[in-house]
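Peer 1: Sequence and predicted structure, then a few things I'm wondering about:
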Amino acid sequence: PVGHTLFSWLGIERRAYLSNEQFIHVSQQSTAPREKDEAVDIVGTGQHASPPIPQQDLFGRWPFEPPDGAIRYLALCAYDGSAFDGWMGGKKSVQRVLERRLSGLLRHTVQVVSAGRTDAGVHARSQVFHFDADPSGDLSLIRKALGHGHGLPPQLQVYGLTKAPPGFHSRQSCIGKRYVYRILLGSCAPWELPYCWALDCSQSSLDKDDSKFFSITAMASAAARLVGTHDFSSFCLADATGKSCADPRGPVRRLWRLEVLHARGDFGAERLLVIAEADKFLQRMVRMLVGTLVEAGRGRLTSEQVAAILHQRQRSREVVTAPACGLMLDHVFYHDQQEETLAGARAAPQANPLPGWPSPLHKDLPSELQADSRCDMNCEPADSAISTHRHGSDRG
């Protein structure tokens, strides 16, 4: 019937009446993947009826088979991590939101693959993902459907979309990532709090090693001991048994930049930006690195103790995990040709740094990374330093 078809197309809930004037709510099959069949409560009785027989699940995520002759698209997005259950894994993950939108639009299963999987509460300024679509799909229509106000939540914005170059894979082609972490010392505007770690510390000091001060110099000194190619098992999420959640690729990572930028704002507030760049990261590695650097800034750990924690290759009580709210995926690195494609995909400047915060100054990647994604793991550590900016000055 026409009415039934209309309800099905719009995904509108209708009521199917049963005997004795009882009814159940029957939720029409939408274009999104079906979560699971649950017993349906008969209103007013507390009894449960069997769930309606599901139609064929056109958009089940697994197993995934791309359409014949599929075209690969790459896209860039930014999101407020507080609104999602991380990139993947939860019912309200960024990945699931994108897949539902694209599957409904293209009328076939779409699997979205990202460059990195951020945890719940972690933000992204420039996340990269790709997906394969039927060749009949129209690029301008897909771009419009992913635009602001066209079905995606306001906390998620896709601001770049184009056809991917041959052989591109958002994760496997990636040669590095940059994360930034915001730390606030002192007073701030209320709208800054969801995007930083506000510390209750005494006045900071660039020059003193006095215990009553929060020492940014001590943070930078500890950061310098962590830069290089190391086994970072000490800074990885541990399971209930106390063992690290091992990555199949192993725990060795090449961390070529761990830097502390500093800016003085209004009302005596101090804003710190910790920048971490590496070929890849272990689960919660950046948050544990930042938490440990803060312990050094508070005078609870020396740089020598931080180095000892690294070399013990096992999670210890001294390692503190910083809150997720201050962390942001800032940039994903690719080879020059792929970077040019990404630059062309950007529709407009997006997610500029928050006012009053230092901006991550661009530094050239190690030359081996551009020559070969299988980067040489015997590089010399880079230097860490403090860069001090006045409020509203050089944005890098």
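Peer 2: Done, it's in. Numbering: from 1, shown residues only.
Peer 1: Just list what the helix or strand where residue 140 lies packs against, helices and strands only.
Peer 2: If you go by DSSP states H and E, residue 140 is part of helix 139-145. Secondary-structure packing of helix 139-145 (3 or more CB pairs under 8 Å, 6 or more residues apart in numbering; DSSP states H and E): helix 94-106, strand 156-163. Where C-beta positions appear, they are placed from N, C-alpha and C, glycine not excepted.
Peer 1: rerun that using 6 Å as the cut-off
Peer 2: In terms of contacts (3 or more CB pairs under 6 Å, 6 or more residues apart in numbering; DSSP states H and E), helix 139-145 is not packed against any helix or strand.
Peer 1: Only the C-alpha atoms, please, for that helix, written as CSV.
Peer 2: What follows is helix 139-145 as a C-alpha-only set of coordinates in CSV (Å, rounded to 0.1, in the frame of the first residue of the first chain):
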residue,chain,number,x,y,z
LEU,A,139,30.3,13.0,-6.1
SER,A,140,28.4,16.3,-5.8
LEU,A,141,25.4,14.5,-4.3
ILE,A,142,27.6,12.6,-1.8
ARG,A,143,29.3,15.9,-0.9
LYS,A,144,26.0,17.6,-0.3
ALA,A,145,24.6,14.7,1.7
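Peer 1: Use 294 as the first number from now on
Peer 2: Taking 294 as the first residue, the last one we looked at is helix 432-438.
Peer 1: Now do that helix: everything it contacts.
Peer 2: Residues outside helix 432-438 that contact it (CB atoms under 6 Å, 6 or more residues apart in numbering) are 398, 454.
Peer 1: quick one: the helices in the stretch 444-593 of the chain?
Peer 2: 509-517, 578-590 (DSSP state H, counting those that start in this stretch).
Peer 1: Compare those helices and give me the one nearest residue 443.
Peer 2: Among the helices of the stretch 444-593 of the chain, helix 578-590 comes nearest to residue 443, with 32.5 Å by CB to CB.
Peer 1: Go ahead and name everything in contact with that closest one.
Peer 2: Contacts for helix 578-590 (CB under 6 Å, 6+ apart): 472, 474, 507-508, 511-512, 515-516, 525, 528, 567, 569, 594, 599, 612-615, 620.
Peer 1: Point out where the chain drops to low pLDDT.
Peer 2: Applying pLDDT under 70 to the chain flags residues 294-356, 494-505, 531-540, 558-561, 639-649, 654-655, 660-689.
Peer 1: partners of the longest strand anywhere in it in the sheet?
Peer 2: In the chain, with assignment by DSSP state E, the single longest strand is strand 545-557. Pairing partners of strand 545-557, with direction, according to DSSP bridges: strand 521-524 (antiparallel), strand 563-571 (antiparallel), strand 679-683 (parallel).
Peer 1: Buried residues of stretch 625-636, list them for me.
Peer 2: 625, 626, 627, 628, 631, 634, 635 (16 or more other CB atoms under 10 Å).
Peer 1: Switch these over to TSV; also include distance to residue 427 and secondary structure.
Peer 2: Output for those, formatted as TSV (distance: CB to CB, whole Å; DSSP: H, G, I helix; E, B strand; the rest coil):
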residue	distance to residue 427	secondary structure
625	26	strand
626	30	strand
627	26	coil
628	28	coil
631	24	helix
634	21	helix
635	23	helix
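Peer 1: so which two of those are the farthest from each other?
Peer 2: 626 and 634 (13.4 Å).
Peer 1: Against residue 542, how distant is residue 617?
Peer 2: The gap separating residue 617 from residue 542 is 23 Å, by CB to CB, to the nearest Å.
Peer 1: Now which of the contacts of helix 578-590 would you call buried?
Peer 2: Counted by 16+ other CB under 10 Å, those give 472, 474, 507-508, 511-512, 515-516, 525, 528, 567, 569, 594, 599, 612-613, 615, 620 as buried.
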